[in-house]
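1. structure for this input, please:
(one chain, ligands or ions: 1)
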Amino acid sequence: MAELTSLTISDARDGLKKKSFSAAELADAHLAAMEKARALNAYVLETPERAHAMAKASDARIAAGKAGPLEGIPIAVKDMFCTEGVRSTAGSRILKNFIPAYESTVTANLWRDGAVMLGKTNNDEFAMGSSNETSHFGPVISPWRRKGANTPLVPGGSSGGSAAAVAANLALGATGTDTGGSIRQPAAFTGTVGMKPTYGRCSRWGIVAFASSLDQAGPFTRTVRDAAILLRAMSGHDPKDTTSVDRAVPNYEAAIGKSIKGMKIGIPKEYRLDGMPAEIETLWRRGADWLKAAGAEIIDVSLPHTKYALPAYYIVAPAEASSNLARYDGVRYGLRVAGRDITDMYQKTRAEGFGPEVRRRVMIGTYVLSAGYYDAYYLRAQKVRTLIKKDFEDCFNAGVHAMLTPATPSAAFGVGEKGQADPVEMYLNDVFTVTVNMAGLPGISVPAGLDGQGLPLGLQLIGRPFDEEMLFSLGEAIEQAAGRFIPQKWW
Ligand code: GLN
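-> Next up, the predicted model:
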């Protein structure tokens, strides 16, 4: 039998049911692997006691014939999710010692279904970044390396720890959050599957807020089927989040293997960027050929406002962030740095508690919302957002079932290689993913090949609102054609 840590969630589920191994053995194998992989810095907190206790309870439920859908499955949790009694930092110094008194709805749903928590994964501070380099806990090192080189590479971000943990077999699955690409981009960089569901599919309650109208939770896994399994558990209506949608959660796994014959797949021409590496172009074409071979119809479509999505995102997201982060004032949460008076205390706390990228976003956000600039920036960005959404609606109304695009404009880059002199260089990582958040649509990144340097590349599928099932069917067709990609173990 394969090593316990290299199983898929569906295989582990079967093995536990057949009693080939216990939940305790599965948890122990992962905890041991995590200990050996600390050089990756994927976890900011390991929770072995909790894992042992939860696995023991799972084994008891399995023995009693009361197993839940995720019974005994070891999962890693991005540190943006509040976990009751377990430190939750959002990757920030300001929350370095924050122990929530409550559990996020998404993680509560996982534990309800029997999953076992392994620990909390590293992420860019407040999920602001595309490389996991803005984390207060230092960068995550990707388990992937360029052929014949040992330059440390980024796993992408902001959910870099979750992506690295799943790619390096340090968890069978992980949670992420995606505001502009933070699940799909790291999934593409690490050869894992990452899904951002439709806005409102998962509750945001108990997730540290970055940009509330864009934030959405979703799964990281090693197969498309596993993403379907995990998303089902994470999803659902929650009265504690008024933007969560009261709509039945389908059995997403049933979409795996479903015929995609006759499905109309749009190829948006605006995603063909000047200067995009030829390998990305080839991958994209190959992806379209795979879907065509499986019976889908490929059609060229236009999403004319695509080029405004990134600039509009970098107004809307910081605006919402500046408002959401106002709560970190040294009074109610986390760090407090003493000052002469209360204003001085606020200023010192925020200056020392937030890192440079977060401070930049707060300043941009405050600026675009300020009197005199609000109409020129924020209001205009909201209008652009409506146009981006309408572009997609027009295509879907014309019969397109989903879009196929590259997930990222390049493969993973080296730690410290990008965005040092100009932050926009880093922001450009999200050109293909932010549109999906702006429009509130579901998107999945599926590993589709390796580049010339041996690094994984992903393809993105974008679907109609609440049609995650279509993305799972199409995604699995790509996975069947492309195969799976596993990093060589060096850590
Ligand atoms: N990289 C984008 C940003 O920094 C998206 C991050 C995210 O999705 N959380 O805003």
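2. how about the helix-or-strand element of the chain with minimal mean pLDDT: buried residues?
-> Within the chain, no helix or strand scores below helix 423-427, which has a mean of 93 by mean pLDDT, DSSP states H and E. Neighbour-count burial for helix 423-427, counted by 16 or more other Cβ atoms under 10 Å, picks out 423, 426-427. Bear in mind the C-beta positions are built from the backbone N, C-alpha and C, glycine included.
3. helix or strand right after that helix?
-> helix 434-439 (DSSP states H and E).
4. which residue lies nearest the spatial centre of the protein?
-> The centroid of the chain falls nearest to residue 183 when counting by Cα atoms, centre = their mean (1.9 Å).
5. which phi and psi does it have?
-> phi -100, psi -50 (degrees, to the nearest 10).
6. go on, residue 402?
-> According to degrees, to the nearest 10, residue 402 has phi -160, psi 160.
7. skipping adjacent residues, who's closest to it in space?
-> Excluding the flanking residues, the one nearest residue 402 by Cβ to Cβ, 6 or more residues apart in numbering is residue 463, at 4.8 Å.
8. measure the one you found to the ligand for me?
-> 18 Å (Cβ to the nearest ligand atom, to the nearest Å).
9. in JSON lines: the buried residues of helix 423-427, plus distance to residue 202.
-> Shown next, in JSON lines, are the buried residues of helix 423-427 (distance: Cβ to Cβ, whole Å):
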{"residue": "423", "distance to residue 202": "29"}
{"residue": "426", "distance to residue 202": "26"}
{"residue": "427", "distance to residue 202": "25"}
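10. near the ligand, which residues of the protein?
-> With the criterion set to Cβ under 6 Å from any ligand atom, the chain comes near the ligand through 127-130, 158, 178-182, 210, 317, 430.
11. rerun that using 8 Å as the cut-off
-> 124, 127-130, 157-159, 177-183, 185, 210-211, 214-215, 313-314, 317, 357, 361, 426-427, 429-430, 433-434, 437 (Cβ under 8 Å from any ligand atom).
12. which non-adjacent residue is nearest residue 154?
-> With Cβ to Cβ, 6+ apart, the residue lying closest to residue 154 is residue 131, at 4.0 Å.
13. you'd agree the one you found is up against residue 426?
-> Yes: contact criterion Cβ atoms under 8 Å: residue 131 and residue 426 qualify, at 6.6 Å.
14. so for those two, which residues contact both of them?
-> Counting by Cβ atoms under 8 Å, 6 or more residues apart in numbering, the shared contacts of residue 131 and residue 426 are 418-419.
15. just the CA atoms of stretch 399-416, as PDB, please.
-> Output in PDB follows, covering the C-alpha atoms of stretch 399-416 (Å, rounded to 0.1, in the frame of the first residue of the first chain):
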ATOM      1  CA  GLY A 399     -24.900  29.600 -23.900                       C
ATOM      2  CA  VAL A 400     -21.300  29.400 -22.700                       C
ATOM      3  CA  HIS A 401     -21.100  26.900 -19.800                       C
ATOM      4  CA  ALA A 402     -17.600  27.800 -18.500                       C
ATOM      5  CA  MET A 403     -14.400  29.600 -19.500                       C
ATOM      6  CA  LEU A 404     -10.900  28.100 -19.800                       C
ATOM      7  CA  THR A 405      -7.900  30.400 -19.100                       C
ATOM      8  CA  PRO A 406      -4.400  30.000 -17.800                       C
ATOM      9  CA  ALA A 407      -4.400  30.200 -14.000                       C
ATOM     10  CA  THR A 408      -1.200  32.400 -13.800                       C
ATOM     11  CA  PRO A 409       0.900  34.300 -16.300                       C
ATOM     12  CA  SER A 410       4.100  32.300 -15.200                       C
ATOM     13  CA  ALA A 411       5.300  29.400 -13.100                       C
ATOM     14  CA  ALA A 412       6.600  29.900  -9.600                       C
ATOM     15  CA  PHE A 413       9.400  32.400  -9.000                       C
ATOM     16  CA  GLY A 414      12.300  32.600  -6.500                       C
ATOM     17  CA  VAL A 415      12.000  33.900  -3.000                       C
ATOM     18  CA  GLY A 416      12.900  37.600  -3.100                       C
END
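16. give the buried residues for it.
-> 400-413, 415.
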